[in-house]
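Enquirer: Sequence first, then the predicted structure, then my questions.
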Amino acid sequence: MRTGEPLPALGDVLAALDTGLWHWDTATGLVTVDAVAARLLGLPAAQVTLTEAQIRARLHPVDWNEITGVVQLAVAEGTLAEVRIRIMDDRNQVARVVRSRSKPSFDRARRAYVLTGILQEVAEPRPGTPAARSAVTGDWRRSREAFLLDAGRALAEARSTQEVLRVAANLSMPGFSPDGFAVFGVEGDHLTVIGHHGHEPGSERPFTSMSLNTDYPAAEVVRTGRAVYLSSPEQYEARYPLTWPLAQPFGRQSWAYLPLTVSGHTMGAWLATFAYPVAFTPDERSVLTTVARMLAQALSRAGTAESERALSEDLQRTMLPKLGPGIPGMSVAARYIPTGGGLQVGGDWYDVVPLPGGTSRTKSGGGRFALVIGDVQGHDVRAAGLMGQLRTALRAYASEGHRPDAVLSRASRFLHGIGEADPAELRFATCLYVEVDPASGMLEAARAGHPEPVIRMADGTVLARPTAGGPPLGVDPDADYPTTRFVLESGETMLICTDGLIETGGHDLETGWRRLRTVLEEHEGDQEELADALVQAVHGPSSHHTTGPLADRREDDIAMMLLSRQGEGGDAQTDTTAPPRRRTALTVAQAEPERISVARQQLRELLHDWPSPDQVDSAVLLLSELLTNVLVHTDTDALLLAEVTGGREGRRMRIEVTDAGDDLPHVRRPGELASSGRGLVLIELLAHTWGVAPRGRGKSIWFELYETEGARPG
């Protein structure tokens, strides 16, 4: 062709390339082919218009069904549709293989696909090659497989019915995504609508409580267990004339009703609706059937989990007490969070037990009560049952007026007796029992293998309160549970909890307490808000920021109680006009010299914000000297009282050690080789002031250190 000459006609170019041209309008059902395309189809080489049935007769039946899916996918993604088609001869043998490429479009006004494309003959693939196994390009199959994998994973992760429905609403099927769906369930002999998407709220009313005998596709699917596919409104109306008026107002063009079957039982039906015509080819039916099976499994799992969760919550609700009316001068807040596995029924519990006033050992008389918190070993119905029995026994022993040590001793024998009756079900339980006198703030605590209580002081300082204890309940029927007495000062809050609050999220006792300490120290709200903040830090959405060092991330039930003593202003906060004050007390018995290290740790926690590390070290050293002197030079126990007070001019720490010994200490000047006698010398060198105060029986040795010179008294 010379330069400047006009281009040849398109038909001549296609004929020269042995490429045929065809046009297909699904509204009329007619396909027009030119001479080359007709020859490739095995017809006389002349332009002709054929019906879809005539075209289908010339093609391999599998390839015809694949064409519809590829066309719909191309329209949805706005791409070309490329198909490899096998042309059949009169003996039903493959005459040739052609490749078709077209740009399909969807006419919404006519609700029809319009395609114009080309046909070219290609070499027939050898048996066993990928092209021989499939007449379409791999994009369609790869998209379908990827969709099914994603859908299966998302449905498997859904934990509730609402989550399953939310996942189903977001499914995007390759090439034929429904624009709406409904999930039907069965109650007795009636249909019920579990959920729907893509329809107006309230539109499900005509289908709710519909009898299974109704001539409606979903009812038929439930009755027979077989899917129903309706490709056009005409087909729907012809097959279900009675219920067609119910579906007509929604304006859909195709419907697929599939059974939701689990273990051979049809539990409901899934309806997928389409705004455009869908032929429901074998590939499309396969995808829909697979999704329906996954959806049925997900709904079954979610329903079982919700039933178990409701059962466990009802069971725990009946076993956990409701906090009674307000306590004068004090307030109590409690939380229980079931986070374990199985039925989510655990052995954690708490209780508030009113105590008989006539047996009070304080001047206040009545008004006393006990706080009980515990955890029975295990995470099953057996643990929950033992928890209910043990809680009842503890409440009975407490109501009889027994001391805390006697209450736990009796409870331990009770639980051990249950285990003896059935050794295979032997369990133990941890427990903390705290008797409270609201008037004086005196607390008497006994502990059975349970975490110690924690005190949040009025200024936000947090101290773990060392509490004597014994083994868990049920281990040793003859175990003793010594009682520890301490005072809850005005504005202070005591936290008692099960180990789930401490260790959930891969934490051990040390790192778990460190996490809780941060929340306790930084919180500025009221008691109820503090309880919520503690649970949120452990179990809330932000808990992944505070996971612990352990690889095991298993969760446990959480039970916790907060007891606050109100300040002068009538709340759990201190009077801001009064000087800040914090204190701690601890007994070191002759038989427990190891508690000296506990006392040192208590003092360091009390002085956590003291500006001078040297003064803190000095105070810890002097405390060790005083406690050691009591244990070495007397046969009595030592009582530690440590207090930090002060105002704007600076703070003052005062440490006092009291014992029942009669001999008063004297300052000595020990020689270089002396092994003792340096305690008071160190106090004289390191303390700002110190002294010895005789008591009615025994004595107290005290010393003070000042943050600034302005903190000196007087």
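Expert: Cool, got the structure. Residues are numbered from 1 along each chain as shown.

Enquirer: What mean pLDDT does the longest helix seen in the chain get?
Expert: When the chain is parsed with DSSP state H, its longest helix is helix 282-319. Mean per-residue pLDDT for helix 282-319: 80.

Enquirer: what element comes up after the lowest-mean-pLDDT helix or strand in the chain heading to the C-terminus?
Expert: Among the helices and strands of the chain, helix 130-133 carries the lowest confidence by mean pLDDT, DSSP states H and E, at a mean of 37. The element immediately downstream of helix 130-133 (helix or strand, assigned by DSSP states H and E) is helix 138-157.

Enquirer: Check which element follows that next one along the chain.
Expert: Assigned by DSSP H and E, the successor of helix 138-157 is helix 161-169.

Enquirer: Show me what the helix or strand that that next one is followed by is packed up against.
Expert: Heading C-terminal from helix 161-169, the first helix or strand you meet, by DSSP H and E, is strand 180-187. Strand 180-187 sits against helix 161-169, strand 190-197, helix 217-224, strand 265-274, with contacts defined as 3 or more Cβ pairs under 8 Å, 6 or more residues apart in numbering; DSSP states H and E. In this view, the C-beta of every residue, glycine as well, is placed from N, C-alpha and C.

Enquirer: Could you check how far the first one is from the centre of its chain?
Expert: Helix 161-169 has its C-alpha centroid displaced from the chain centroid by 18 Å (Cα atoms, centre = their mean, to the nearest Å).

Enquirer: Now do it: which elements does it pack against?
Expert: With contacts taken as 3+ Cβ pairs under 8 Å, 6+ apart, helix 161-169 sits against helix 138-157, strand 180-187, strand 190-197, helix 282-319.

Enquirer: which element is Leu43 on?
Expert: Leu43 is part of no helix or strand when elements are defined by DSSP H and E.

Enquirer: gap between the longest helix of the chain and the chain center?
Expert: Distance of helix 282-319 from the chain centroid (Cα atoms, centre = their mean) equals 18 Å.

Enquirer: Show me what the mean pLDDT comes to for the following helix or strand past it.
Expert: Scanning forward in sequence from helix 282-319 by DSSP H and E, the next helix or strand is strand 330-337. For strand 330-337, mean pLDDT rounds to 88.

Enquirer: by contact count, what packs against strand 330-337?
Expert: Counting by 3+ Cβ pairs under 8 Å, 6+ apart, strand 330-337 packs on strand 348-354, helix 527-539, strand 558-565.

Enquirer: Columns distance to Arg101, mean neighbour count and mean pLDDT on top of the helices and strands packed on strand 180-187, output as TSV?
Expert: Listed next are these as TSV, based on distance: least, Cβ to Cβ, whole Å; neighbours: other Cβ atoms under 10 Å; pLDDT from 0 to 100:
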stretch	distance to Arg101	mean neighbour count	mean pLDDT
helix 161-169	35	19	85
strand 190-197	36	19	88
helix 217-224	38	21	93
strand 265-274	26	22	91
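
Enquirer: Mind giving me the packing neighbours of the helix or strand hosting Asn65?
Expert: Following DSSP H and E, one finds Asn65 within helix 61-77. If you count contacts as 3+ Cβ pairs under 8 Å, 6+ apart, helix 61-77 packs onto strand 81-88, strand 94-102, strand 112-122, helix 138-157, helix 282-319.

Enquirer: Look up how far Gln602 lies from Glu121.
Expert: Separation of Glu121 from Gln602 (Cβ to Cβ, to the nearest Å): 92 Å.

Enquirer: In terms of neighbours, single out the busier of these two.
Expert: In this view Glu121 and Gln602 are compared by other Cβ atoms under 10 Å, and Gln602 has more residues nearby, 21 against 16.
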